[in-house]
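K.L.:
Give the three-dimensional model of this entry:
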Amino acid sequence: MTNKVEKLISKCSSIRPLEGRILVMPSKVRTYKSIGHEAKPSDPNVKVTDIIPGETEMTLEEKEIDVNYRYQVATVLVLPEDEQRFKVGDQVLYNIGSLQEFDYIKDVSILRKYDVVGVVKTIV
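P.N.:
Alright, predicted model coming up:
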């Protein structure tokens, strides 16, 4: 475990989440490169505020964008007393939409234990 994780575990030790909730530290959001499209006026002198729908000639440009993976990794900081499937310090995989910010402690989020897909042995 890193020093940051150990400090967060210490800060969170006074909190015991209710059944079904765990406190986690999300890892950096994993992304992949994809091709996206952006519409721009054909005339470079036309400002965005001057665009008239249906009249201003537009061109479609391809550009490389970063897209978030749907499933992300987090480190477990605190568990309810009844949880035995994973332990403090485990890396777990979750759906990115199920994470809730926990603004009581910086860099900590709340996750329902039922939203955990599995324990990660090696991060790919």
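
K.L.:
Sketch out the low-pLDDT regions of this structure for me.
P.N.:
Low-confidence segments of the chain, defined by pLDDT under 70: 1, 123-124.

K.L.:
And for stretch 80-97, what's in contact with it?
P.N.:
1, 5, 9, 16-22, 24, 27, 29, 68-79, 111, 113, 115-120, 123 (CB atoms under 8 Å, 6 or more residues apart in numbering). C-beta: built from backbone N, CA, C; applies to glycine.

K.L.:
Go again with 6 Å.
P.N.:
Identification of contacts with stretch 80-97 by CB atoms under 6 Å, 6 or more residues apart in numbering yields 1, 17, 19, 71-76, 111, 115-120.

K.L.:
can you list the domains in this protein?
P.N.:
Following automatic domain parsing, one finds the domains of the chain at 3-28+70-119, 33-67.

K.L.:
looking at this, Gly36 is in a strand?
P.N.:
Yes - counting by DSSP: H, G, I helix; E, B strand; the rest coil, Gly36 is found in a strand.

K.L.:
could you list every residue that touches Leu79?
P.N.:
The neighbours of Leu79, taking CB under 6 Å, 6+ apart as the test, are Ile22.

K.L.:
Check the burial of Thr75 by counting its neighbours.
P.N.:
21 (other CB atoms under 10 Å).

K.L.:
I meant to write Leu23 there.
P.N.:
When neighbours are counted by other CB under 10 Å, Leu23 comes out with 26.
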